[in-house]
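S.K.: Here is a sequence together with a model predicted from it:
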Amino acid sequence: MALKPRKRPDASEITAAALAKVSRDDESFTTQPKNRATEALETARSVNPRLPPAEVVPEDKAVNHNMRVRASTLRALGKAAEEEGMTVKQFIMRAVADKGVAVALPDLENGKITPWRDR
């Protein structure tokens, strides 16, 4: 099944839509009553019209990841982590970080485990 390419709007169309100046048929411009968001965007564009739109960085929240390993592997990980004085998660995350993968600092720490009934 082939996907059809779709036309993507350029920055000027997006800005015009954000400012509510483009009508539905894209043939004529209509001016809508201004609100604070519109005024803020117009002010930002007037200061430096070549600046790209601001990007919002999403929150880096914790998510679950399950791996299925043999019991012997888990025992070996547990022993190696205990020898290093850390949890299995810390041990694995340190090994991953040592290979050059960007690991968030909270994942390298020994976090408190919240009991299921307290979640």
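M.R.: That came through, no problem.
S.K.: and the biggest helix by length in the chain, what does it pack onto?
M.R.: Using DSSP state H, we find that the single longest helix of the chain is helix 71-84. Here helix 71-84 touches helix 88-98, going by 3 or more C-beta pairs under 8 Å, 6 or more residues apart in numbering; DSSP states H and E. C-betas here are computed from N, CA, C, even on glycine.
S.K.: and the helix it packs on, which residues are buried?
M.R.: Neighbour-count burial for helix 88-98 flags 89-94 (criterion: 16 or more other C-beta atoms under 10 Å).
S.K.: Run the angle between that helix and helix 71-84 for me.
M.R.: When axes from the mean of the first three to the mean of the last three C-alpha atoms, to 10 degrees is applied, the directions of helix 88-98 and helix 71-84 differ by 80 degrees.
S.K.: and residue 16, what element?
M.R.: Applying DSSP states H and E as the criterion places residue 16 in helix 11-18.
S.K.: Could you list every helix and strand in contact with whatever helix or strand comes next after that helix?
M.R.: Going down the chain from helix 11-18, the next helix or strand is helix 36-47, by DSSP H and E. Where contact means 3+ C-beta pairs under 8 Å, 6+ apart, helix 36-47 is packed against helix 11-18.
S.K.: What average pLDDT does the helix it packs on get?
M.R.: If you average the pLDDT over helix 11-18, you get 70.
S.K.: now stretch 42-51
M.R.: Mean predicted confidence for stretch 42-51 is 76.
S.K.: now the end-to-end length of it.
M.R.: Distance across stretch 42-51, first residue to last, is 12 Å (C-alpha to C-alpha, to the nearest Å).
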